[in-house]
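Visitor: sequence below, structure please.
(chains A and B, ligands or ions: 2)
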Protein chains: 2
Amino acid sequence: MGSPETTSFSSQSSSSKLLFRQLFEKESSTYTYLLADASHPDRPALLIDPVDKTVERDLSLIKDLGLKLIYAMNTHVHADHVTGTGLIKTKVPGVKSVISKASGSKADILIEPGDKIQFGSLFLEVRATPGHTLGCVTYVTGDGPDQHQPRLAFTGDALLIRGCGRTDFQIFTLPKETFVYPAHDYKGFSVSTVGEEILYNPRLTKNEETFKGIMENLNLAYPKMIDIAVPANMVCGLQDMTSKV
Amino acid sequence: MGSPETTSFSSQSSSSKLLFRQLFEKESSTYTYLLADASHPDRPALLIDPVDKTVERDLSLIKDLGLKLIYAMNTHVHADHVTGTGLIKTKVPGVKSVISKASGSKADILIEPGDKIQFGSLFLEVRATPGHTLGCVTYVTGDGPDQHQPRLAFTGDALLIRGCGRTDFQIFTLPKETFVYPAHDYKGFSVSTVGEEILYNPRLTKNEETFKGIMENLNLAYPKMIDIAVPANMVCGLQDMTSKV
Ligand SMILES: [Fe+2]
Ligand SMILES: [Fe+2]
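Guide: Numbering: from 1, shown residues only, chains lettered A, B, ... in the order given. Ligands and ions are numbered 1, 2, ... in the order given. A predicted model of the protein is given here:
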């Protein structure tokens, strides 16, 4: 049995002041992440994978914390919920929506692997983790003395905790102590680490034949929200907005 | 508008190695917390408010992380779910159940306000936070150079995030940067801070008349699990076990 040296709260360089919150939307079991540079005078913030239904909650929290939201980002075009980015843009002028160019979606900023997304003195790196969808990316907090350590990886649907991740191996080149934050969890896990997933994720610990068997036997249902969510999410939720207004 | 200086990941003294995980049980919206001293050779661990339905998940995670579970603790006698402590004791020999003496429940260790619960070189302090039930306690991580900073407060049902906590003011004597981890959340929040709750918790920001009105208008339903959960939890879930075996 392995025992990865992993702590969920860990040492951080004193110069970095990452404010971080994990938020949950129960119906679609989606995690939304709020990150901000709390040491910057503007307290710039971003949301990863916001859900339309919980936009009010998220914006209220951002207000409570005295943050300035600058980016509303998605890891991919979600099939199971409508992104909150469109609604956020109507409520908070100046916020820019962000998604990968490879997703084929519309957004204010189309990012590519290797790009950096700056908020205050902190940044996220973009890594390509295709598989679940072509344009899936993982956002990873920056490396370096001013950035949060251990790093945090927001994997979207590319890696679920212990789940049969439609896993991309790019994630596993990150340091083992990197925290893994998925877009969903159905078992009540909130975080894992790269080291832990290497040891215990079925996608990695089973051989290919066994894994194929697991996936075939999952009998995954047609995602209930897919016909509503995908068209809306391709335009960052804005389609939905205009038809309502 | 306030802007509490709060970070969810924050600096920690290098000597302390708190391993921390937040786990969720969806049906009762209960949070279970896993804490361990990862720098101690035994990697001693404890669970706060485990739920019977998620014991398998929790024990499997503890195994994956190479931890030795020593305590299964409750903040109070829950009315909304059956505690996992009884089941854990049958599965992991040597684990001791912990609850407050004032709860009137049975457990291996009956703690009182001011007691310390040691795990490796880390410890939890017990604070009395009665109100929701007579024996409600809040467990707070230790203060001092070897302990995690900021401190973490596990408030049980004494304080819910932004919710009408049946709040006890004892919690608000803790430093503002103290993280607040409740036993439940129904809106998808995972954590708050003492500073944030002082500013935004309705129990504290509204005057008594307004608050009374809020509470009366909640029309709280009779907790669906109360008739099963309370008798089972008074004996730390062991009653349930013996009738099944
Ligand atoms: Fe998704
Ligand atoms: Fe409860």
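
Visitor: test my guess that residue A:33 contacts residue A:18.
Guide: No: Residue A:33 lies out of contact with residue A:18 (C-beta atoms under 8 Å); the separation is 11.2 Å. To be clear about C-beta, it is placed using only N, CA and C from the backbone, and glycine gets the same treatment.

Visitor: more crowded one of those two?
Guide: Neighbour count, other C-beta atoms under 10 Å in any protein chain shown: between residue A:33 and residue A:18, residue A:18 has more, with 23 against 20.

Visitor: what strand or helix carries the residue in chain A that ligand 1 sits nearest to?
Guide: Closest to ligand 1 within chain A is residue A:78: 4.3 Å, counting by C-beta to the ion. In this structure, residue A:78 is located outside every helix and strand according to DSSP states H and E.

Visitor: ok, residue A:59 next?
Guide: If you go by DSSP H and E, residue A:59 is part of helix A:55-64.

Visitor: quick one on the thing from earlier: and the residue of chain A closest to ligand 1, what does it touch?
Guide: Residue A:78 sits next to A:30, A:49, A:157, A:183, A:229-230, A:233 when contact means C-beta atoms under 8 Å, 6 or more residues apart in numbering or on different chains.

Visitor: in helices, which of these appear?
Guide: A:229-230, A:233 (DSSP state H).

Visitor: still on that earlier bit, what's in contact with the helix holding residue A:59?
Guide: With C-beta under 8 Å, 6+ apart as the criterion, helix A:55-64 contacts A:21, A:23, A:32, A:34, A:45, A:47, A:50, A:69, A:84, A:87-88, A:91-92, B:1-2, B:187-189, B:196, B:199-200.

Visitor: so residue A:97 belongs to a strand, correct?
Guide: Yes: looking at residue A:97 with DSSP: H, G, I helix; E, B strand; the rest coil, it is inside a strand.

Visitor: name the nearest residue to residue A:96, sequence neighbours excluded.
Guide: Leaving aside its chain neighbours, residue A:96 sits nearest to residue A:108 (4.0 Å; criterion: C-beta to C-beta, 6 or more residues apart in numbering or on different chains).

Visitor: list the contacts of that neighbour.
Guide: A:96-98.

Visitor: ok, now residue A:143?
Guide: A:125, A:151.

Visitor: against residue B:31, how distant is residue A:100?
Guide: Distance, residue A:100 to residue B:31, by C-beta to C-beta, to the nearest Å: 33 Å.

Visitor: no no, residue A:131
Guide: 31 Å.

Visitor: okay, these two: which has more neighbours?
Guide: Neighbour totals were compared for residue A:131 and residue B:31, and residue B:31 leads with 23 against 17 (other C-beta under 10 Å).

Visitor: which parts of chain A are strands?
Guide: A:18-25, A:30-37, A:44-48, A:68-73, A:96-100, A:109-111, A:116-119, A:122-128, A:137-141, A:152-156, A:179-182, A:192-193 (DSSP state E).

Visitor: quick check, residue A:73 in contact with residue A:45.
Guide: No: judged on C-beta under 8 Å, residue A:73 makes no contact with residue A:45 at a distance of 11.2 Å.

Visitor: and the pLDDT at whatever residue of chain A ends up closest to ligand 2?
Guide: Nearest residue of chain A to ligand 2, counting by C-beta to the ion: residue A:188, 15.6 Å away. You'll see residue A:188 listed with a pLDDT of 93.

Visitor: excluding residues flanking it in the chain, which one is nearest it?
Guide: Once flanking residues are discounted, residue A:188 sits nearest to residue B:24: 3.8 Å by C-beta to C-beta, 6+ apart.

Visitor: so how far is residue B:108 from the one you found?
Guide: As judged by C-beta to C-beta, residue B:24 and residue B:108 stand 26 Å apart.

Visitor: list the buried residues of the helix holding residue A:59.
Guide: Using 16 or more other C-beta atoms under 10 Å in any protein chain shown as the test for burial, helix A:55-64 gives A:55, A:57-59, A:61-62, A:64.

Visitor: please verify my assumption that residue A:69 contacts residue A:93.
Guide: No: in this structure residue A:69 lies outside contact range of residue A:93 using C-beta under 8 Å: 10.4 Å.

Visitor: which of the two has more neighbours?
Guide: Neighbours per residue, other C-beta under 10 Å: of residue A:69 and residue A:93, the larger number sits with residue A:69, 24 against 6.

Visitor: tell me where the model's unsure across chain A.
Guide: A:1-16, A:164-169, A:204-224, A:236-245 (pLDDT under 70).

Visitor: ligand 1 contacts on that one?
Guide: Applying C-beta under 5 Å from the ion, one finds that chain A approaches ligand 1 through A:78, A:80, A:157, A:183.

Visitor: pipe those into TSV and attach distance to residue A:127 per row.
Guide: Shown next, in TSV, are those (distance: C-beta to C-beta, whole Å):
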residue	distance to residue A:127
A:78	18
A:80	22
A:157	14
A:183	15
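
Visitor: may I see the ChimeraX selection of the buried members of the residues you listed?
Guide: Buried members of the residues of chain A next to ligand 1, defined by 16+ other C-beta under 10 Å, are picked up in ChimeraX with:
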select /A:78,80,157,183
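
Visitor: from the residues of chain A next to ligand 1, which is closest to residue B:146?
Guide: Of all those, residue B:146 sits closest to residue A:183, with 36.3 Å by C-beta to C-beta.

Visitor: for the closest one, grab phi and psi.
Guide: With angles defined as degrees, to the nearest 10, residue A:183 sits at phi -80, psi -20.

Visitor: report the contact partners of it.
Guide: Taking C-beta under 8 Å, 6+ apart, we find residue A:183 in contact with A:30-31, A:49, A:75-76, A:78, A:154-157.

Visitor: now with 10 Å?
Guide: Residues in contact with residue A:183 (C-beta atoms under 10 Å, 6 or more residues apart in numbering or on different chains) are A:28-33, A:48-49, A:74-76, A:78, A:80-81, A:132, A:136, A:154-160.

Visitor: rewinding a little: of all the strands of chain A, which one comes closest to residue B:140?
Guide: With C-beta to C-beta as the criterion, residue B:140 lies closest to strand A:18-25 of those, at 20.6 Å.

Visitor: the closest one: how far from the chain's middle?
Guide: Chain-centre distance of strand A:18-25: 11 Å, with C-alpha atoms, centre = their mean, to the nearest Å.

Visitor: same thing with stretch A:34-43?
Guide: How far stretch A:34-43 lies from its chain's middle: 18 Å, per C-alpha atoms, centre = their mean.

Visitor: what comes up buried for that stretch?
Guide: Here stretch A:34-43 shows A:34-39, A:43 as buried, counting by 16+ other C-beta under 10 Å.

Visitor: before we move on, back to that, what's across from the residue nearest to residue A:188 in the sheet?
Guide: Here residue B:24 sits in beta bridges with residue B:31, as judged by DSSP bridges.

Visitor: okay, now it: neighbour count?
Guide: Applying other C-beta under 10 Å, we find 23 residues neighbouring residue B:24.

Visitor: surely it meets residue A:189?
Guide: Yes: because the distance of 7.9 Å satisfies C-beta atoms under 10 Å, residue B:24 is recorded as touching residue A:189.
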